[in-house]
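Asker: Need the 3D shape of this:
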Amino acid sequence: MFVRIVIVVLVAVVLWAVFARDSGAGADPTKYRVQHGDTLWSIAIEHVGGDPREGVWRIQEANDLEGAAIAPGQLLLVP
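Answerer: Numbers count the residues shown, from 1 in each chain. This next block holds a predicted model:
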């Protein structure tokens, strides 16, 4: 009985691994060129929506930013 359970679990895991895919439900990130006076906070408010703190974090993660420093002319991916 135990062997059957192990086999069924292994088959389920293998099938899940083979057929699990990204749903594609997430939107593609947009590109934004930083303007004079922009901050991550202002960009998050305008383009991300929701809680600006989460928006700032998402922008930092998408662009591998260590901090909040951005420069005019810089191209950012905005999720």
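Asker: Show me the shaky parts of the chain.
Answerer: For the chain, applying pLDDT under 70 flags the ranges 22-26.
Asker: Strands of that one, start to end?
Answerer: The residue ranges that make up the strands of the chain, judged by DSSP state E, are 30-33, 75-78.
Asker: Please tell me how far the last one is from the chain's geometric centre.
Answerer: In other words, strand 75-78. Counting by C-alpha atoms, centre = their mean, to the nearest Å, strand 75-78 is centred 12 Å from the centre of its parent chain.
Asker: Provide the strand pairings for that strand, with the direction of each partner.
Answerer: strand 30-33 (antiparallel) (DSSP bridges).
Asker: can you pull the buried residues of the partner strand?
Answerer: For strand 30-33, the neighbour count (16 or more other C-beta atoms under 10 Å) marks residue 32 as buried. For glycine as for every other residue, the C-beta is placed from the backbone atoms N, C-alpha and C.
Asker: List the contacts of it.
Answerer: Strand 30-33 is contacted from outside by 43, 47, 73-78, using C-beta atoms under 8 Å, 6 or more residues apart in numbering.
Asker: So which of those residues is the closest to residue 2?
Answerer: The shortest separation between residue 2 and any of the contacts of strand 30-33 is 49.8 Å, and it belongs to residue 77 (by C-beta to C-beta).
Asker: re earlier: so which of the strands of the chain is nearest residue 57?
Answerer: Shortest separation from residue 57 across these is recorded for strand 75-78, at 12.5 Å, computed as C-beta to C-beta.
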